[in-house]
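> Output the structure for:
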Amino acid sequence: MGDLIPRKELTRQGVTGVAGLFGGVGLFILRGIASIGGGISIPGLVAAGIISLAGLVIATGREDRRAGLYTVGAGILTAVASLPLVKGVGGFLLLIAGLGLVGGGLWSLIKFWRNLRKRM
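Now for the predicted structure:
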């Protein structure tokens, strides 16, 4: 048996887990949008612009700067995946990043669940 994890740490684990899962699924969706069409993916470029702009807005806050920069990175990667010459590389990087986020989110949720059960 271990010590009880403080409530703040437990909350951080839960939020990180859910954000990781939704972020990974979001990257999978962006990968699908970027692959629409044979040449340049117009929907992919539009989605990349919206995501990048949203990331810049998020990054203006001091506590959310890292999340905003990650969002800008996802938008740039979506734009790269929408271009015909580098579509495969960008799509592969979106896949790897999405798998990493889902895996990290699941691990955080497992830790959250274990620590929550210790409190019961």
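> Give the residue spans of this structure that score low on pLDDT.
1-2 (pLDDT under 70).
> Show me which helix runs longest in this structure.
Ranked by residue count and defined by DSSP state H, the top helix of the chain is helix 87-119.
> who's in contact with G39?
P84 (Cβ atoms under 8 Å, 6 or more residues apart in numbering). For the C-beta atoms, the positions are set from N, CA and C on the backbone; glycine is no exception.
> For it, grab phi and psi.
Backbone geometry at G39, expressed as degrees, to the nearest 10, gives phi -100, psi -120.
> That one and I51, how far apart?
21 Å (Cβ to Cβ, to the nearest Å).
> what do you get for G24?
G24 is 15 Å from I51, by Cβ to Cβ.
> can you check G44 too?
For G44, the distance to I51 - Cβ to Cβ - is 10 Å.
> Those two: which has the busier surroundings?
Taking other Cβ atoms under 10 Å, G44 and I51 do not tie; G44 has more neighbours (26 against 22).
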